[in-house]
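1. build me a model:
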Amino acid sequence: LDILNETYIVFTSDNGFRLGQFRMPQGKWHVYENDIRVPFLIRGPNLRRGSVREDVLGTHVDLMPTLLGLAKSNATIPSTMDGEDLSQMLQLHDDKSRKKSSVLIEYIGLGDVIRYGHLEDTYNNSFRALRVIDETQPAGRRNVKYIEFTNCMEDWNFTNEPLEYELFDLDSDPFELVNIFSSNRLSLDFIKKLQATVRRLYNCSGQTCRDFHSLKATTTSLKNNAHTNQLREQVKKS
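-> Numbers count the residues shown, from 1 in each chain. So this is what the prediction gives:
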């Protein structure tokens, strides 16, 4: 029946893992690359053997829509799913106009988690973040991560101003050691666009998430509210 060659097999993981990075013994509770990156291997019909797509950005919410797309061309994605169908990119039939350049990362802190005498998680380690990989952007904007932190016991759904901001350029700083949020390296307009994007993705659902693919879809103008005022002042501090 040749069933193996007609079957898609996926290998992935639910999270990354830390083994000493940032002077913390072990764990998986943080926004940094060693915690959030996971393997994703897939084999099956119409997939080129040995091909690697480092330019395709996706998360676990894209897995089921992608499997539906592999099983049936132009499959309808249920409205209960936020993810996108990446099957065309995996089959090397790229539609660059539909290629996403940013994904949402979010986490709610579990409270005090102690490992080997180190505090590795707490309630104010709750975050929402935007991971951007976009080759159409100029240098310094192509490979970035923008993060907002809150205390989930006081503001679990980010209705107030974030407690902390972080921003990393992973091209020049792959180990995420230099927070450039308050520096002059990136314009305020670009930071406001990152802010608007992460908030739109945080609040979207179903088709509204799929209609939103990149920073280009976000207007650079935000209302003159407390969030924007604090953002402006944070950048000016440099």
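
2. tell me where the chain has helices.
-> Here the chain has its helices, by DSSP state H, at 33-36, 63-71, 87-90, 152-155, 188-203, 207-210, 226-236.

3. looking at it, Gly109 is touching Leu119, isn't it?
-> No. The pair Gly109 / Leu119 is not scored as a contact, 11.1 Å apart, by CB atoms under 8 Å. Using the backbone N, CA and C atoms, a C-beta is placed for each residue, glycine as well.

4. higher neighbour count, those two?
-> Gly109 (20 against 11; other CB atoms under 10 Å).

5. OK, contacts around the more buried one?
-> 29, 121-126, 151-152 (CB atoms under 8 Å, 6 or more residues apart in numbering).

6. what do you get if the cut-off is 10 Å, keeping everything else the same?
-> 29, 121-127, 149-153, 156 (CB atoms under 10 Å, 6 or more residues apart in numbering).

7. now render the residues you listed as JSON lines, adding distance to Ser183.
-> Listed next are the contacts of Gly109 as JSON lines, based on distance: CB to CB, whole Å:
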{"residue": "Trp29", "distance to Ser183": "27"}
{"residue": "Asp121", "distance to Ser183": "28"}
{"residue": "Thr122", "distance to Ser183": "27"}
{"residue": "Tyr123", "distance to Ser183": "28"}
{"residue": "Asn124", "distance to Ser183": "23"}
{"residue": "Asn125", "distance to Ser183": "23"}
{"residue": "Ser126", "distance to Ser183": "25"}
{"residue": "Phe127", "distance to Ser183": "20"}
{"residue": "Phe149", "distance to Ser183": "18"}
{"residue": "Thr150", "distance to Ser183": "23"}
{"residue": "Asn151", "distance to Ser183": "25"}
{"residue": "Cys152", "distance to Ser183": "28"}
{"residue": "Met153", "distance to Ser183": "31"}
{"residue": "Trp156", "distance to Ser183": "30"}
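
8. among the residues you listed, which ones are buried?
-> 29, 121-127, 149-152 (16 or more other CB atoms under 10 Å).

9. picking that back up, who touches both of Gly109 and Leu119?
-> Asn125.

10. the residue nearest to Arg115 when sequence neighbours are not counted - how many residues pack around it?
-> Distances taken as CB to CB, 6 or more residues apart in numbering place Pro25 nearest to Arg115, at 5.2 Å, with adjacent residues excluded. Using other CB under 10 Å, Pro25 is surrounded by 13 other residues.
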